[in-house]
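Enquirer: generate a structure from the sequence data that follows.
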Amino acid sequence: MASPYKRPLSFSERRGAVFNEELSLNTHNVKLSQQRPRGPPTPSMSTPAADFEQVTGSPPPPPTPAASPGPSHSRVSWSGAEEGEEAYLSGIRQYFAQCNGAQRTRLLADLLNFCTSQQLSFVHQFVSPLLKKDPFTTLPDELCLRILSFIDDPKVLARASQVSRKWRDLLSDDMTWKNLCLKHDYQRRMSEIQAPARQSATPEAYFSGQHDSDQANRGFSGAPTSTSLPATFAASTNARPVRMSYKSHFKQRYLVDAAWRAGGRNISRNITQDGGVVTSLHLTSKYIIVALDNAKIHVFDTEGNPLRTLQGHVMGVWAMVPWDDILVSGGCDRDVRVWDLSTGECLHTLRGHTSTVRCLKMSDSNTAISGSRDTTLRVWDIRTGLCKNVLIGHQASVRCLEIKGDLVVSGSYDATAKVWSISEGRCLHTLQGHYSHIYAIAFDGQRVATGSLDTSVRIWNAQTGECQAILQGHTSLVGQLQMRGNTLVTGGSDGSVRIWSLERFCPIHRTAAHDNSVTSLQFDDTRVVSGGSDGRVKVWDLKTGNLVRELITHAEAVWRVAFEDEKCVAMALKNGRTIMEVWSFSPPEEEPLYGRSVLPSKRRLDALVPDRPLSAFSLEHRRIGSTSGIQDVEMGDAGPSTAPLQPTNTTFFHDE
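Expert: This is a model prediction of the structure:
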């Protein structure tokens with residue numbers, strides 16, 4: 001007699017009944033319960049758990065930091081199999097291979113119903129990596145590049161280029177790096193174009209976003225503006241300009257900026273055995289030129305090695321301006337001298353001033369303009385050594401002047417500034433409004449900025465002579481000014497550095513930069529470098545106003561500072577001696593990609609893929625700091641497409 005009690009179905013049996021019912025309805029169209037289909041995950045995302053995870057409660061697998069595992073992960077070891085087991089399962093595999101899709105589905109469903117929770121969890125972890133898809137291999141290249149355009153972090157792009165050959169090829173597209181250059185404000189400059197001569201440097205050297213004023217400021221080789229730093233041009237006079245790729249351009253700018261933040265190499269030179277005052281400093285593409293109050297002018301190469309000393313002035317040299325291999329200087333002996341920097345020869349001695357020559361500028365390669373304590377300005381032809389014109393009008397010493405084109409603007413101790421026409425030799429406008437001496441002036445061709453002992457800065461229209469704004473905030477003499485585009489940076493004897501907007505005529509940043517007077521000031525698109533009589537040289541971020549680092553901290557005083565993209569020169573007083581510190585932030589030049597030696601501890605990336613040249617982000621050994629030694633910076637080359645590179649202990653875009 002059969003017992004009326006029926007044993008309850010087990011969980012596996014209940015699941016099997018459901019599957020059997022579905023399979024009996026339609027053996028060719030099996031509908032398994034599953035979630036909504038998900039998009040293909042990226043290699044850096046974990047795949048969400050499937051239905052079995054909800055049943056078993058097993059945690060999802062951890063996210064994969066590198067590329068998805070390859071097909072090799074699907075192989076199972078049969079080393080522990082019993083005798084005859086492999087032969088039996090071989091028959092099952094052969095049968096499974098001959099089945100159609102519906103038969104395979106039924107077989108898999110039946111096998112899975114016999115699995116325990118732990119076995120189902122194993123199946124999930126085994127299957128999940130096999131379901132992952134690389135979106136960059138399935139999507140069109142245009143969509144892939146669009147996705148990459150949203151990435152702002154160059155470290156992410158550098159690592160991504162190591163995932164596979166496909167990823168490397170996508171990241172070699174120059175538009176991605178052009179967008180990154182724009183996002184990081186890495187505009188191209190003249191120094192990135194290897195032009196053979198000044199005539200060959202064209203406006204195409206700048207891509208969209210570069211101001212016209214930047215062209216004037218960066219200028220051509222030897223341009224006589226206080227902020228211009230000449231470009232380095234190729235030796236051949238017939239060569240066409242060579243454009244750098246945006247990828248190489250970004251790489252170089254990023255490494256240079258990293259070195260400015262925490263690195264660089266510096267050397268120190270004793271200029272005098274006593275504490276001579278440095279009155280003028282210029283940094284060009286070929287020379288570092290230093291003038292002192294002991295009547296000597298010292299000429300060094302760009303690495304700080306002494307070349308020659310120019311002697312001829314009787315008393316202190318207080319003004320000088322270089323142009324290519326020509327230098328014009330003036331000082332307390334009232335003479336203006338023209339020098340050949342390549343030989344050290346004095347070409348002309350220009351006489352006419354009756355008091356100290358206090359300021360000098362050049363309008364072109366043949367014309368120099370000097371301002372003197374005798375209240376006059378003189379226009380000189382430095383080829384013939386003749387005075388072309390005398391500009392008379394100031395009532396006191398001419399302290400500063402700036403030139404743009406045919407216009408020269410001079411500032412005087414009579415509290416006025418004047419706009420002159422060089423060709424006509426007459427005063428166009430007199431800028432009146434200051435209450436005390438004018439010590440500094442900046443001029444961009446349209447606007448004039450003047451800094452005065454009355455603690456204010458005034459902005460003038462050079463065409464009409466009217467005062468557009470009065471910028472107040474300094475509490476002492478404003479002796480340092482520089483203007484670029486719509487940005488003005490001022491430094492005062494109160495130790496503060498202020499960054500102003502010339503669009504709104506208001507301060508952007510105020511910094512208590514030094515404990516004493518700001519003796520030197522310069523800025524570019526990225527940073528502000530200031531020197532003070534407190535013996536410190538500081539680097540500031542132009543956009544945020546934050547202190548980036550201090551280059552010099554323990555000097556007794558800093559006389560002058562000048563810098564370009566990859567070099568900074570500071571003249572300071574240390575231990576009673578005048579010294580020169582030269583900082584270099586440039587990465588080493590590119591070496592030949594084949595045949596070069598690499599550190600033994602590093603893997604040769606050119607051996608990894610020998611049938612192609614390495615990309616611009618191949619293994620580079622860069623020195624990013626005098627104290628840190630050699631840094632191995634491996635920047636995102638790629639491995640074969642079938643075997644993604646595994647993470648290594650390397651540094652990407654390392655900055656200390």
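Enquirer: quick one: the strands in the stretch 501-650 of the chain?
Expert: Listed in chain order, the strands of the stretch 501-650 of the chain (DSSP state E, counting those that start in this stretch) span 506-511, 518-523, 527-532, 537-541, 547-552, 557-564, 567-574, 577-584, 619-623, 630-634.
Enquirer: out of those strands, which is closest to residue 104?
Expert: Smallest distance to residue 104 across those (C-beta to C-beta): 45.2 Å, for strand 630-634. The C-beta positions use only the backbone N, C-alpha and C, and glycine is treated the same way.
Enquirer: quick one: mean pLDDT over that closest one.
Expert: Mean pLDDT, computed over strand 630-634, is 31.
Enquirer: next: stretch 487-500.
Expert: Average pLDDT, stretch 487-500: 95.
Enquirer: got the buried residues for it?
Expert: Buried residues in stretch 487-500, counting neighbours by 16 or more other C-beta atoms under 10 Å, are found at 487-500.
Enquirer: what do you get for stretch 407-414?
Expert: If you call a residue buried by 16+ other C-beta under 10 Å, then stretch 407-414 has these buried ones: 407-414.
Enquirer: can I get it in PDB? Just the C-alpha atoms.
Expert: Extracted in PDB, the C-alpha atoms of stretch 407-414 (Å, rounded to 0.1, in the frame of the first residue of the first chain):
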ATOM      1  CA  LEU A 407      55.500 103.600 -30.700                       C
ATOM      2  CA  VAL A 408      57.600 104.000 -27.600                       C
ATOM      3  CA  VAL A 409      56.200 104.800 -24.200                       C
ATOM      4  CA  SER A 410      58.400 106.300 -21.500                       C
ATOM      5  CA  GLY A 411      57.900 106.700 -17.800                       C
ATOM      6  CA  SER A 412      59.600 109.400 -15.800                       C
ATOM      7  CA  TYR A 413      60.200 110.700 -12.300                       C
ATOM      8  CA  ASP A 414      58.100 113.700 -13.300                       C
END
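Enquirer: identify the residues contacting it?
Expert: Identification of contacts with stretch 407-414 by C-beta atoms under 8 Å, 6 or more residues apart in numbering yields 359, 361, 363, 369, 371, 375, 377, 391, 394-403, 417-422, 428, 437-441, 443, 445, 448, 450, 462.
Enquirer: make it 6 Å
Expert: Outside stretch 407-414, the residues within contact range by C-beta atoms under 6 Å, 6 or more residues apart in numbering are 369, 371, 377, 394-402, 417-420, 422, 437-438, 441, 443, 448, 450.
Enquirer: before we move on, what about stretch 376-385?
Expert: For stretch 376-385, the external contacting residues (C-beta under 6 Å, 6+ apart) are 338, 348, 350, 352, 366, 368-371, 387-392, 410.
Enquirer: which residue ranges form the strands in the stretch 251-400 of the chain?
Expert: Along the stretch 251-400 of the chain, counting by DSSP E, counting those that start in this stretch, strands occupy 265-272, 278-283, 288-292, 296-300, 306-311, 317-323, 326-331, 336-340, 345-350, 357-364, 367-372, 377-381, 386-391, 398-404.
Enquirer: and stretch 446-461, which residues are buried?
Expert: 447-460.
Enquirer: which among the residues you listed gets closest to residue 529?
Expert: residue 451 (18.1 Å).
Enquirer: who touches that closest one in this structure?
Expert: Counting by C-beta under 6 Å, 6+ apart, residue 451 makes contact with 439-440, 457, 478, 481.
Enquirer: farthest-apart pair in these, please.
Expert: 439 and 457 (10.9 Å).
Enquirer: format the buried residues of stretch 407-414 as CSV; extra columns: pLDDT, secondary structure and distance to residue 319.
Expert: Listed next are those as CSV, based on pLDDT from 0 to 100; DSSP: H, G, I helix; E, B strand; the rest coil; distance: C-beta to C-beta, whole Å:
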residue, pLDDT, secondary structure, distance to residue 319
407, 95, strand, 20
408, 96, strand, 14
409, 96, strand, 16
410, 96, strand, 13
411, 96, strand, 14
412, 96, strand, 15
413, 96, coil, 16
414, 95, coil, 19
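Enquirer: what ranges of the stretch 301-450 of the chain fall below the confidence cut-off?
Expert: Filtered on pLDDT under 70, the stretch 301-450 of the chain yields no residues whatsoever.
Enquirer: now swap in the chain and tell me
Expert: For the chain, applying pLDDT under 70 flags the ranges 1-81, 188-243, 275, 588-656.
Enquirer: thanks a lot, catch you later.
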